[in-house]
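Whatever this is, show me its structure:
(one chain, ligands or ions: 1)
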Amino acid sequence: MKPTVAVSNLNHSFGKGKLLKSVLNDINLDIYPGEIVILTGPSGSGKTTLLSLIGGLRSVQSGSLKILGRELRDISKKQATKVRNQIGFIFQHHNLLKCLTAYGNVRMSLKLHPEIPTWEYRQRAENILRAVGIADFVDTYPEKLSGGQQQRVAIARALVAQPKLVLADEPTASLDSKTGRDVVNIIQKLAKEEGCSVMLVTHDNRILDIADRIVQMEDGCLKL
Ligand SMILES: Nc1ncnc2c1ncn2[C@@H]1O[C@H](COP(=O)(O)OP(=O)(O)OP(=O)(O)O)[C@@H](O)[C@H]1O
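As a prediction, this is how the structure comes out:
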């Protein structure tokens, strides 16, 4: 089986000259289809930097990083956008568009996929919003939803196009423990059903049990 994410000898630094700061040192990590990997570690250890590199949100400086078989190093901006469109992103702050309903927000993701016919949009959106437990709020605007419901819309948006990779950065940080648990259970269930790989960054020890593998980061290095 080919890994969804293949990271080898990856290094990353910020700044230049005397201000150069090395943030990731010789990272090696493979994530396979259907696998849920949780990345933990102290604040500032480099977790978000690694996640954003894997998501094609930053340029690879040195080493190799392959997503779905595609090397991201030296990739063009256009190609990087194509790779990003195949990834489902879930952030701590859901980043929903206030001017769009739950359906409108989910539809934004579908629009990135020309292979999905527009006549399927509504049905797909309704199905995924039902799967995350908010079938009754399809036409509701975010401001009328609770924090947990908004995060469910964000999860629906990330998963509606059935991505092979989901990247989640602190998805439960702004939620109470019951809602946080519900949210990760949904991510886990849908990941297993769709066979997609999930990489989740968290400080939340209460959700570590959903992981197939827990990876620790410290001072820019993965602890084995
Ligand atoms: N754009 C940037 N420019 C300069 N330094 C940065 C930048 N982004 C992150 N850093 C630095 O890189 C290091 C790693 O940051 P990163 O956000 O990846 O850590 P983290 O493990 O995700 O932390 P947290 O758990 O607090 O989110 C930190 O020292 C941070 O200050």
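
Work out the gap between stretch 15-25 and the centre of the chain.
The chain centroid and the centroid of stretch 15-25 are separated by 26 Å under C-alpha atoms, centre = their mean, to the nearest Å.

for that stretch, what is the average pLDDT?
Over the span of stretch 15-25, the pLDDT mean works out to 92.

Check stretch 80-91 too.
Averaging the model's pLDDT scores along stretch 80-91 yields 90.

ok, now stretch 163-181?
On average, the pLDDT along stretch 163-181 is 86.

tell me which residues in it are buried?
Applying a neighbour-count criterion of 16 or more other C-beta atoms under 10 Å, one finds 163-172, 175, 179-181 buried in stretch 163-181. All C-beta atoms are positioned from the backbone trio N, CA, C, and that covers glycine.

same question, stretch 43-50
By neighbour count on 16+ other C-beta under 10 Å, the buried set for stretch 43-50 is 45-50.

and L175, helix, strand or coil?
Following DSSP: H, G, I helix; E, B strand; the rest coil, we place L175 in the coil state.

Contact partners for the residue lying closest to it once chain neighbours are set aside?
Take L175 and drop its neighbours on the chain: the residue closest to it by C-beta to C-beta, 6 or more residues apart in numbering is G148, 5.6 Å away. If you count contacts by C-beta atoms under 8 Å, 6 or more residues apart in numbering, G148 has them with 175-176, 179, 182-183.

which element follows the host helix or strand of G148 toward the C-terminus?
Using DSSP states H and E, G148 sits in helix 147-159. For helix 147-159, the succeeding helix or strand toward the C-terminus, using DSSP H and E, is strand 165-169.

List the contacts of that following strand.
The set of residues external to strand 165-169 that reach it, using C-beta under 8 Å, 6+ apart, is 4-5, 31, 47-48, 51, 54-55, 67-68, 86-92, 158-159, 187, 191, 196-201.

Likewise for stretch 213-224?
Outside of stretch 213-224, the residues within contact range by C-beta under 8 Å, 6+ apart are 22-29, 35-42, 45-47, 50, 208.
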